[in-house]
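Novice: fold the stuff below for me.
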Amino acid sequence: MANTRVALAKGFSVGVVVILLLSGGAVLFEGGFGGVDFLLAYLLALLFSTAAAAGIWTGRYRLAAVGGVGMLAEVVLQRFNPFFVGLTTLLLVAVVVGYSGRTREHLSEG
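Specialist: This next block holds a predicted model:
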């Protein structure tokens, strides 16, 4: 069961990064981000989500937590944009599920 949780967390985290990449590509293809502010917000979200995904994949959940909290801070700064709220929720759930799966795995080994 623990390995399933970690695998699920890895899939969720990669899904968030892929969704951000696809949406950024679509926006760029359709005519751009409409200003430097939106581009920087997008790049910041991409950076935090990639950091969280890398933390989950490598088992460094402190890095994943920093990425998740960074995404949460960006949601607050973006005035609760529904798109970012959904991705942040998915990413934070992935961090919690992955960490709990790893913790259960360590407890069952000992």
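Novice: can you give me the strands in this structure?
Specialist: Taking DSSP state E to define them, one finds no strands in the chain.
Novice: could you pull out the helices for it?
Specialist: Counting by DSSP state H, the chain has these helices, from start to end: 2-30, 36-58, 61-77, 82-109.
Novice: comparing the ones you listed by mean pLDDT, which bottoms out?
Specialist: For those, the stretch scoring lowest in mean pLDDT is helix 82-109; its value is a mean of 84.
Novice: other SSEs contacting it?
Specialist: For helix 82-109, the elements it packs on are helix 2-30, helix 36-58, helix 61-77, judged by 3 or more C-beta pairs under 8 Å, 6 or more residues apart in numbering; DSSP states H and E. From N, CA and C alone the C-beta is placed, and that goes for glycine too.
Novice: that helix relative to helix 2-30, how many degrees between them?
Specialist: What separates the directions of helix 82-109 and helix 2-30 is an angle of 160 degrees, with axes from the mean of the first three to the mean of the last three C-alpha atoms, to 10 degrees.
Novice: output the helices of the chain in CSV; the columns should cover mean neighbour count.
Specialist: Converted to CSV, the helices of the chain look like this (neighbours: other C-beta atoms under 10 Å):
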stretch, mean neighbour count
helix 2-30, 16
helix 36-58, 18
helix 61-77, 18
helix 82-109, 17
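Novice: before we move on, the earlier item: Gly101: which of the helices and strands packed on helix 82-109 is closest?
Specialist: helix 2-30 (2.8 Å; C-beta to C-beta).
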